[in-house]
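Chemist: got a sequence here, can you build the structure:
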Amino acid sequence: MNLEDESPKNRPPLGLPVGSVRALLTLFIIAVVTVSVAKGRDLDILWIETLLIALAHYFTSRRFIDLPPHVLEKIQEEGLIEDEHHPLFLPRHTIRFLIIAAFVGLGVYLYREKRLFEPRAVSLLGIVAAYVLGCIVRGIGAWLGRKTSKPPSRIWGDLKALFVLGAIVLVGVPELLDAEASLPPEAHKVALGLLLFYFGSR
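Modeler: Coordinates of the predicted model:
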């Protein structure tokens, strides 16, 4: 028996496919958040923060360069990078689909119950939608770049950055000066949504 194959470095947790434990944790977090909002309960801010970390894991690209398939397969076999295509033995992108389906289902349920515009529902679905929309925009941009073989426009990136920086400064400076009451509460939510969109689109 090769002892190297049994080392903790090469064996994923619980012997499941790579990413399975993170997938289970993410789905559980989403279950807690969506069920709590559906039942009208107030959520601790910690759950929202944890949810955003989980979303960042599943909707942010962690591979910075595109590799030819044979090179990617070779370095995955050597254990230099993890292959997370099939967590929980499910087809690729199943976890992402389940995440989106959970929030779409929550939105539909709240709409039917005439509770879609409750503050807690708007806040939660707004942050999720802003982040996922940013990821979709990034994906479309990357796809168009591959099709046209053109580098992404720097003007678009600069405009996004300036717009988001302006929004955050607009709501952040009053906070620093203890004058936050001078802005309507909606301003903070809009600025947070823009910030999450920006992170999702990067």
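Chemist: neighbours of residue 22, how many?
Modeler: Residue 22: 16 surrounding residues under other Cβ atoms under 10 Å. C-betas here are computed from N, CA, C, even on glycine.
Chemist: in contact with it, which residues are there?
Modeler: Each residue near residue 22 by Cβ atoms under 8 Å, 6 or more residues apart in numbering is listed here: 57, 87.
Chemist: list the contacts for the most centrally placed residue in the chain?
Modeler: Nearest to the mean C-alpha position of the chain, counting by Cα atoms, centre = their mean, stands residue 55 at 2.8 Å. Each residue near residue 55 by Cβ under 8 Å, 6+ apart is listed here: 99, 128, 131, 132.
Chemist: ok, so of those, who is nearest residue 179?
Modeler: Nearest to residue 179 among those: residue 131, at 28.6 Å, using Cβ to Cβ.
Chemist: which residues does that closest one contact?
Modeler: By Cβ under 8 Å, 6+ apart, the contact list for residue 131 reads 52, 55, 56, 59, 196, 197, 199, 200.
Chemist: buried subset of these as a ChimeraX selection?
Modeler: Here is the ChimeraX selection string for the buried members of the contacts of residue 131, based on 16 or more other Cβ atoms under 10 Å:
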select :55,59,196,197,199,200
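Chemist: among the contacts of residue 131, name the ones in strands.
Modeler: Among the contacts of residue 131, no residue falls in strands (DSSP state E).
Chemist: what secondary structure does the residue nearest to residue 16 when sequence neighbours are not counted sit in?
Modeler: Nearest residue to residue 16, sequence neighbours excluded (Cβ to Cβ, 6 or more residues apart in numbering): residue 88, at 6.9 Å. With DSSP: H, G, I helix; E, B strand; the rest coil as the basis, residue 88 sits in helix.
Chemist: any idea how many residues pack against residue 88?
Modeler: Neighbourhood size, residue 88 [other Cβ under 10 Å]: 14.
Chemist: isn't it up against residue 21?
Modeler: No - using Cβ atoms under 8 Å, residue 88 makes no contact with residue 21, being 9.4 Å away.
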